[in-house]
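Got a sequence here, can you model it:
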Amino acid sequence: MTELHTPEAIARSIVAAHASRFGEFAGDIASFSSEDPIYRGAKQACSALGFIDIDAECLARAWQAQTKRVGMFDAHAWPEHPADFGMRSFPPGAREDAFPSCPEKLGLYSVLPDAQWVGRMARAGVPTVQLRFKSNDDEAIAREVNAAVQVVQGTGSLLFINDHWRAAIEARAYGLHLGQEDLDALTPEALKTIRDSGIRLGVSTHGYAEMVRADAVTPSYIAMGAIYPTTLKQMATAPQGVARLAAYARLMRGYPQVGIGGVDAARMPEVLGTGVGSVAVVRALVADSNPEAAAVRLLRIVADPANAR
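The predicted model follows:
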């Protein structure tokens, strides 16, 4: 092995090529799973670029696969080919086991706490709404989900139900949204039940490893975040930022994509500039003193982000 191809040299070249985008940090590597120099150098580099260990591992394996596929190592060629990450054929919608499709661009996507809010934002013209109703009471969940399904009728809004998949199927909701832990908790039988129901499925992801995991079930769309700091929920990962979001969008370009996490009107144009077709908001609507007017402003930005004011 020449000095130019040692893991240390490979790591330095990757960091030099990409630190301006992702930043440079003092990352600690938990472990290596291969002696391959490309893999080891790439994992060192991705850790130094701030990726958590599970994502640095995923990227390192992809860089190793990419180098083998093209026949040379290129520090500037950030991995963005699905096959290098072990994912199946793209576009994913062509797979036999794909969940039903949804619009490539879901537009403004409002995450809302109850059916009253769902109806309010649907009537305000928000094209995609999600009911995120927090309860352990099955009867209350069923009432709220059914009410949400009813209030969007005739509005043109697409309704996704967060987490409560049985109630969503029973109420014949348009779609279901699951977090990564919710997805992992499903038994194969439960996943088959959801798939067989014909409901659309969206899945939250927070980095490369989770995107690969989500792709394994071929959902209808992929949500990616949190982009910016958010106080709404405790996040296991640091804010991703728009540079990572843009890289994620290029890798997952066969999917409808939703960017989420700390997005407001000022930040929305740069989020849309990454290539995602939808931006999810929570506080930007529900915490506004005039949510309907806020919805109009955000819809204008989504329609024409270059001229946002």
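
Of all residues in the chain, which one is nearest the centre?
Met224 (2.0 Å; C-alpha atoms, centre = their mean).

for that residue, what are its contacts?
Met224 is in contact with 205-206, 211, 240, 245, 248-249, 252, 257-260, 276, counting by C-beta atoms under 8 Å, 6 or more residues apart in numbering. To be clear about C-beta, it is placed using only N, CA and C from the backbone, and glycine gets the same treatment.

Would you map the strands across the stretch 51-200 of the chain?
Applying DSSP state E, counting those that start in this stretch to the stretch 51-200 of the chain gives strands spanning 107-112, 128-131, 158-162, 175-178, 200-205.

Turn these into JSON lines, columns for mean neighbour count.
Compiled in JSON lines, these are given as follows (neighbours: other C-beta atoms under 10 Å):
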{"stretch": "strand 107-112", "mean neighbour count": "24"}
{"stretch": "strand 128-131", "mean neighbour count": "27"}
{"stretch": "strand 158-162", "mean neighbour count": "25"}
{"stretch": "strand 175-178", "mean neighbour count": "26"}
{"stretch": "strand 200-205", "mean neighbour count": "25"}
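
do you know which of the ones you listed lies nearest Ser20?
Taking C-beta to C-beta, strand 200-205 is the member of the strands of the stretch 51-200 of the chain nearest to Ser20, at 24.7 Å.

What angle do strand 158-162 and the closest one make with each other?
Counting by axes from the mean of the first three to the mean of the last three C-alpha atoms, to 10 degrees, strand 200-205 lies at 50 degrees to strand 158-162.

In this protein, where is pLDDT below threshold?
For the chain, the stretches flagged by pLDDT under 70 are 1-4, 27, 231-237, 309.

Distance of Pro300 relative to Tyr109?
Heads up, residue 300 is Arg, not Pro. According to C-beta to C-beta, to the nearest Å, Arg300 stands 16 Å off from Tyr109.

Then Ile161?
14 Å.

what is in contact with the two at once?
Counting by C-beta under 8 Å, 6+ apart, the shared contacts of Ile161 and Tyr109 are Gln130.

is it fair to say the residue nearest to the centre of the chain lies in a strand?
Yes: assessed with DSSP: H, G, I helix; E, B strand; the rest coil, Met224 lies in a strand.

How about it, nearest residue that isn't a chain neighbour?
Tyr248 (4.9 Å; C-beta to C-beta, 6 or more residues apart in numbering).

Okay, angle between the helix or strand where that neighbour lies and strand 200-205 too, please.
Per DSSP states H and E, Tyr248 falls inside helix 241-251. For helix 241-251 against strand 200-205, the angle by the same axes, to 10 degrees is 130 degrees.

quick one: strands adjacent to whichever helix or strand comes after helix 241-251?
With elements assigned by DSSP H and E, the helix or strand that comes after helix 241-251 is strand 257-260. As defined by DSSP bridges, the strand partners of strand 257-260 come to strand 221-225 (parallel), strand 278-281 (parallel).
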